[in-house]
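Novice: what follows is a predicted structure for the sequence shown.
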Amino acid sequence: MRFDRHTVVLLVRPPDAPDLPLDAADRLQDAHLAHHAGLVEQGLVLAAGPFVDTDDDRLRGFVVLSISAEEARELYHNDPAVRAGRLAVQVMSWMVPEGNVRFESVPMPRSMLEAAAGD
């Protein structure tokens, strides 16, 4: 059997994440979303989104990429939320039977306002 190999990034809230005033947290989240949307526009991200209804509230998001694990580590260490200590990354390779998962190209929101608009 042949397998497709993807890189997965888990975005995790570290236990020592800094507390920020709401306006600063909102600006940081917008910077995070803009960074992430830029990776999508470059064709590096295949799928991504936040977690909801988790058993572990430290788990914040999931990203599937078309690049190596090392490249993903470098890109996500430049994410503004990671640099600020609000998120940490866990990077791994994910193998699925060839053709089992397909990804469509869709735009990602660049801000919380854009995400809330639902357009």
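Specialist: Arrived safely, thanks for sending.
Novice: how about the contacts made by P21?
Specialist: P21 makes no contacts at all, as judged by C-beta atoms under 8 Å, 6 or more residues apart in numbering. For every residue, glycine as well, the C-beta is placed using N, CA and C.
Novice: checking the spatially most central residue of the chain next. Helix, strand or coil?
Specialist: Centroid check for the chain by C-alpha atoms, centre = their mean gives V63 as the closest residue, at 4.5 Å. What DSSP: H, G, I helix; E, B strand; the rest coil gives for V63 is strand.
Novice: beta-bridge partners for it, please?
Specialist: Assessed by DSSP bridges, V63 has beta-bridge partners V9, A48.
Novice: separation between it and A34?
Specialist: For V63, the distance to A34 equals 15 Å [C-beta to C-beta, to the nearest Å].
Novice: then G85?
Specialist: Separation of G85 from A34 (C-beta to C-beta) stands at 18 Å.
Novice: how about R2?
Specialist: R2 is 37 Å from A34, by C-beta to C-beta.
Novice: same deal with T7?
Specialist: Separation of T7 from A34 (C-beta to C-beta): 21 Å.
Novice: no further queries at this time; thank you.
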